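1. got a sequence here, can you model it:
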Amino acid sequence: METAGRSDWFTHDRFGLFIHWGLYTLGARHEWLKSREFMSTEQYDKYFRRFDPDLYDPELWAQ
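-> This is a model prediction of the structure:
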C-alpha cells in the first residue's frame, strides 16, 4: 500500500508511536524513575548532569 503523503491509513489502522524522551530515559526503565524508585534529588542529579538535549530534532525523528 502506498502511504507517502497520506495519513488516513495511520488513523484507520490505529497505528501510533509515542517517544518518551527526557532525562529519565537515561535510566532506561520508565518515566517515573525518580518517584517509583524513591531516588533522592542527589541520586537523580546524575541523570540531569548527563542529559544533553542538543540532539533533539523531532522533525528528523518523524522522517
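
2. sketch out the low-pLDDT regions of the chain for me.
-> The chain contains residues with pLDDT under 70 at 1-5.

3. so in it, which helix runs the longest?
-> As assigned by DSSP state H, the longest helix anywhere in the chain is helix 41-50.

4. got the contact list for the most centrally placed residue in the chain?
-> A centroid search over the chain (Cα atoms, centre = their mean) returns His20, at 1.9 Å, as the residue closest to the centre. Going by Cβ atoms under 8 Å, 6 or more residues apart in numbering, His20 touches Glu31. Yep, even glycine has a C-beta here, placed from its N, CA and C like the rest.

5. ok so, going back, following the longest helix of the chain, which helix or strand comes up?
-> Per DSSP states H and E, the first helix or strand lying C-terminal to helix 41-50 is helix 58-62.

6. got a list of contacts for that following helix?
-> Ile19.

7. can I get it in CSV? Just the C-alpha atoms.
-> The C-alpha coordinates for helix 58-62 follow below in CSV (Å, rounded to 0.1, in the frame of the first residue of the first chain):
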residue,chain,number,x,y,z
PRO,A,58,11.7,15.9,16.4
GLU,A,59,11.4,16.7,12.7
LEU,A,60,14.3,14.4,11.8
TRP,A,61,12.8,11.7,14.1
ALA,A,62,9.5,11.9,12.4
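
8. now that helix, how far from the chain's geometric center?
-> Taking Cα atoms, centre = their mean, to the nearest Å, the mean C-alpha location of helix 58-62 is offset from the chain mean by 12 Å.

9. then stretch 22-41?
-> Its chain's C-alpha centre and that of stretch 22-41 lie 13 Å apart, by Cα atoms, centre = their mean.

10. buried sites along that stretch?
-> Neighbour-count burial for stretch 22-41 flags Leu23, Tyr24, Leu33, Lys34 (criterion: 16 or more other Cβ atoms under 10 Å).

11. could the residues you listed go into a markdown table alongside distance to Asp52?
-> As requested, these are exported to a markdown table (distance: Cβ to Cβ, whole Å):
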| residue | distance to Asp52 |
| --- | --- |
| Leu23 | 10 |
| Tyr24 | 14 |
| Leu33 | 18 |
| Lys34 | 19 |
